[in-house]
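Student: Structure here, sequence nowhere to be found:
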């Protein structure tokens, strides 16, 4: 995240004395997901962010692999994930490799009694249903239907939901989630041909330093183990911060689709990238305008990537029997394309109202036990 931002009160120079009204020092913290060699932020706490008063024993929350190797198209009914009261318990990991974990969640309540820190991975949380506020040490971000929430690993956060009915599509990335290099200038500005710009980024706001002492539980995940770490001071005691590493929101409906006279390939929909995978947004758009164009996508052999498509809303001209929250997996090695009859049917169509999120993983994805519980086993034969 290369765009500089600042909120609250900070000293004129970094790493210098910054004192409270009572003349005690604020506590400076450098926050980065890549050491001292890339983007970072400086946060100023009312108290040192290091005061641990108790550590609970950790327990294993790593996904259970059911199928490590496969060469078959798969389909999963995402809304068959059973809602759970607790946010962390509601998260069910479906597909995994060493670069990313793809999960679904349907939490029914807010995170009221603990905070969460993913020390393993950046998180991309796509809001399919529900609304609320993402509360972090950087400030708050209001969210709703269609929002991407990008949370750098190590960020302490709580989520306050507005209601019980929430559906989330989550990607955990073991490398930083960034905007595509092809859309950035060499100095980090989003270029004119990018399908979104800095104006579309929603930053944390309403920073309110909570200067409280007590027992504050931060559930922290590291190497698949969830630990309970209790701190003496409230983690949101930040009086101000500045830098280039922080959570932000981007609304999928602010993605401006790139169209052409003939069908455009999936890279025009790219929204984020990380090491060995990309995220794309398929949004409502006009179809191709060549007089002989075929709006339906052509068959393609994705030899170099496993393609995951999460269906959000709308009518998908290339697929039959699509349901909201459905996930399809088209693994590298065998071609896939539109279902029979959909190519001819698409000719003459002027636009699509489809809304979907795609993840292309360049290393094979493995299925978990939770994935098999919601699998549509007949999908691989749906092209007959």
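Tutor: Sure, I can see it. Being a predicted model, the structure only gives us computed values, none of them experimental.
Student: Where do the strands of the stretch 51-200 of the chain begin and end?
Tutor: Along the stretch 51-200 of the chain, counting by DSSP state E, counting those that start in this stretch, strands occupy 52-60, 65-67, 74-77, 92-96, 100-105, 115-118, 122-129, 132-136, 139-143, 147-151, 156-161, 167-173.
Student: Sheet partners, orientation included, of the last one?
Tutor: Okay, so that is strand 167-173. In the sheet, strand 167-173 lines up against strand 100-105 (antiparallel), strand 122-129 (antiparallel) (DSSP bridges).
Student: Comparing those strands, which comes out most buried?
Tutor: strand 100-105 (a mean of 24; mean count of other Cβ atoms under 10 Å). Just so you know, the C-beta spots here come from the backbone N, C-alpha and C atoms, and that holds for glycine as well.
Student: Tell me how many other residues surround residue 257.
Tutor: Residue 257: 15 surrounding residues under other Cβ atoms under 10 Å.
Student: shaky segments in this protein?
Tutor: Along the chain, segments meeting pLDDT under 70 span 1-2, 317-320.
Student: which residues make contact with stretch 285-292 from outside it?
Tutor: By Cβ atoms under 8 Å, 6 or more residues apart in numbering, the residues outside stretch 285-292 that reach it are 257, 259-264, 293-295, 346, 349-352.
Student: Can you give me the end-to-end span of that stretch?
Tutor: Using Cα to Cα, to the nearest Å, one end of stretch 285-292 lies 18 Å from the other.
Student: on that earlier part again, let's have the strands of the stretch 51-200 of the chain in TSV, adding distance to residue 269.
Tutor: Formatted as TSV, the strands of the stretch 51-200 of the chain follow (distance: least, Cβ to Cβ, whole Å):
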stretch	distance to residue 269
strand 52-60	36
strand 65-67	28
strand 74-77	21
strand 92-96	20
strand 100-105	17
strand 115-118	26
strand 122-129	14
strand 132-136	25
strand 139-143	22
strand 147-151	13
strand 156-161	27
strand 167-173	15
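Student: Which one of the ones you listed lies nearest to residue 250?
Tutor: strand 147-151 (4.7 Å; Cβ to Cβ).
Student: Quick check: neighbours of that closest one in the sheet, parallel or antiparallel?
Tutor: Sheet pairing here is set by DSSP bridges, and for strand 147-151 it gives strand 122-129 (antiparallel), strand 248-251 (antiparallel).
Student: Quick check: buried residues in the shortest one?
Tutor: Neighbour counts over strand 248-251 (16 or more other Cβ atoms under 10 Å) mark 248, 249, 250, 251 as buried.
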